[in-house]
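>>> Sequence first, then the predicted structure:
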Amino acid sequence: HVRRRVGSAMLSLFDKKTFKARRRGDAGAQRYDVNKLAAEILKSSLTTVDLREAVKVPDGYDVNDWLSVNVVDLFNQLNLIYGSMCEDCAEKTCPLMNAGPKYEYLWQDAETDRYKNPTKLSAPRYVEVLMDWVDRQLADESIFPTTSGKSFPDNFKNTVKMIVKRLFRVYAHIFYAHLDEVVACSAEAHLSTCFRHFVFFVQEFNLLPAKELEPLKDVIAKL
């Protein structure tokens, strides 16, 4: 198996905590070619700032394969950013998961007894259960197959939509509640690049309606 590669510059910046990336792909599978291609395109785009082109499906590649490897990248990027730069996100400082006073997010997971109904959580707890939930989806071979011969489920794009919807809420919280910490780390350029990658990917594949992006619409308009 192959682990998602994180650029050395980014790792040196976010070295406060140990980061375990979500693995993806099988080195013996055709799908691994997509992994390598996505990594090379993203690596190049980070220097050329041509992220709108980077998120497009290359000619001859399956769109679900492309969605799959990019969702893993988006998850790893955000996991790294939040875990490294939002150490002040705690029960006392962030008792609610929100994006400013207008937007509050409740957690619901119908597959669990504890969160069958929408539930108020502190921001750190919300992010914790959200990241665990995403990680379980990515680890589920029936949803995100990593070997050749296994097909994606019919509802795969809907699952991707739910994942990016929830990841966006973490970005929204970071921008509203923890931007000072990001600036203190001199990491705003990295946050901006990762968020641009996220937004351009979402827009390219029409993964989120405008109302979900509303909390950061002014930021997005400047991308």
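In hand now; what should we look at? Residues are numbered from 1 along each chain as shown.
>>> Which strands or helices does the helix or strand hosting Glu53 pack on?
Of the helices and strands defined by DSSP states H and E, Glu53 is found in helix 51-54. In terms of contacts (3 or more CB pairs under 8 Å, 6 or more residues apart in numbering; DSSP states H and E), helix 51-54 is packed against helix 30-48, helix 188-204. All C-beta atoms are positioned from the backbone trio N, CA, C, and that covers glycine.
>>> Am I right that Met131 falls within a strand?
No: judged by DSSP: H, G, I helix; E, B strand; the rest coil, Met131 forms no part of a strand; its state is helix.
>>> I figured it hits Leu80, correct?
No: using CB atoms under 8 Å, Met131 and Leu80 do not qualify as a contacting pair, with a distance of 11.0 Å.
>>> need the helices for the protein, in chain order.
With DSSP state H as the criterion, the chain has helices at 8-13, 30-48, 51-54, 63-85, 123-139, 156-177, 179-184, 188-204, 210-213, 217-221.
>>> returning to what we had before: format the CA atom coordinates belonging to the helix holding Glu53 as CSV.
The C-alpha trace of helix 51-54 is given here as CSV (Å, rounded to 0.1, in the frame of the first residue of the first chain):
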residue,chain,number,x,y,z
LEU,A,51,-5.3,24.8,-9.2
ARG,A,52,-8.4,25.2,-11.4
GLU,A,53,-6.6,23.1,-14.0
ALA,A,54,-5.2,20.7,-11.4
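>>> Just the terminal-to-terminal distance for stretch 92-112.
From its first residue to its last, stretch 92-112 covers 26 Å (CA to CA, to the nearest Å).
>>> what's next to it, contact-wise?
Contacting residues not belonging to stretch 92-112 are listed as 115-127, 129-130, 133, 169, 172-173, 175-177, 214-216 [CB atoms under 8 Å, 6 or more residues apart in numbering].
>>> Recalculate using a threshold of 7 Å.
With CB atoms under 7 Å, 6 or more residues apart in numbering as the contact definition, stretch 92-112 has outside contacts at 115-124, 126, 129, 133, 169, 172-173, 176-177, 215.
>>> can you give me the offset of it from its chain's centre?
In terms of CA atoms, centre = their mean, to the nearest Å, the centre of stretch 92-112 is set 17 Å apart from its chain centre.
>>> Report the rounded mean pLDDT for that stretch.
Across stretch 92-112, the average pLDDT comes to 95.
>>> If you count neighbours, what's buried in that stretch?
Counting neighbours by 16 or more other CB atoms under 10 Å, one finds that the buried residues in stretch 92-112 are 94, 97-99, 105, 107.
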